[in-house]
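>>> need a structure here:
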Amino acid sequence: MQMTAAEHKRFKEIKENNDLGHESAKFMAELHSKYYNHQYFLPCSCSASTWKQWIAQLNDVWDNGYTAST
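Here you go, the predicted structure:
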């Protein structure tokens, strides 16, 4: 599976800036629900193990590059 070009770019910016602010967290939760086929849910910022797992999984998707279509 691959992200769209826009998702890929935004996720790269989040990674480069080490940004896990509220808006970035919402974006990553949306991506995770999309690519891992579950209902949207925003984990608590105190749930480090969930965030670490989700980020690792999204990194796997990000590593696959992006599609030209949106």
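>>> Quick one: the strands in the chain, in order.
Along the chain, the segments classed as strands by DSSP state E run 3-4, 66-67.
>>> by contact count, what packs against the last one?
It refers to strand 66-67. strand 3-4, helix 5-17 (3 or more C-beta pairs under 8 Å, 6 or more residues apart in numbering; DSSP states H and E). Yep, even glycine has a C-beta here, placed from its N, CA and C like the rest.
>>> Check the average confidence over it, would you?
Regarding strand 66-67, the rounded mean pLDDT is 86.
>>> List the neighbouring strands of the worst-scoring helix or strand of the chain on mean pLDDT plus their orientation.
None of the helices or strands of the chain scores lower by mean pLDDT, DSSP states H and E than strand 66-67, at a mean of 86. Within its sheet, strand 66-67 is paired with strand 3-4 (parallel), according to DSSP bridges.
>>> can you list contacts of the strand it pairs with?
Surrounding strand 3-4, the residues in contact under the criterion C-beta atoms under 8 Å, 6 or more residues apart in numbering are F11, L31, Y35, V61, W62, N64, Y66, T67, S69, T70.
>>> So D19 versus F11, what's the distance?
The gap separating D19 from F11 is 10 Å, by C-beta to C-beta, to the nearest Å.
>>> The two: which is more packed in?
F11 (21 against 13; other C-beta atoms under 10 Å).
>>> what about the closest residue to the more buried one other than its chain neighbours, distance to A48?
Nearest non-adjacent residue to F11, counting by C-beta to C-beta, 6 or more residues apart in numbering: W62, 5.4 Å away. When C-beta to C-beta is applied, the distance between W62 and A48 equals 20 Å.
>>> Look at the two and report which has more neighbours.
Set W62 next to A48 and count neighbours by other C-beta under 10 Å: W62 wins out with 20 against 10.
>>> Closest to the centroid, which residue in the protein?
Compute the mean C-alpha point of the chain, and by C-alpha atoms, centre = their mean the closest residue is M28, 3.3 Å away.
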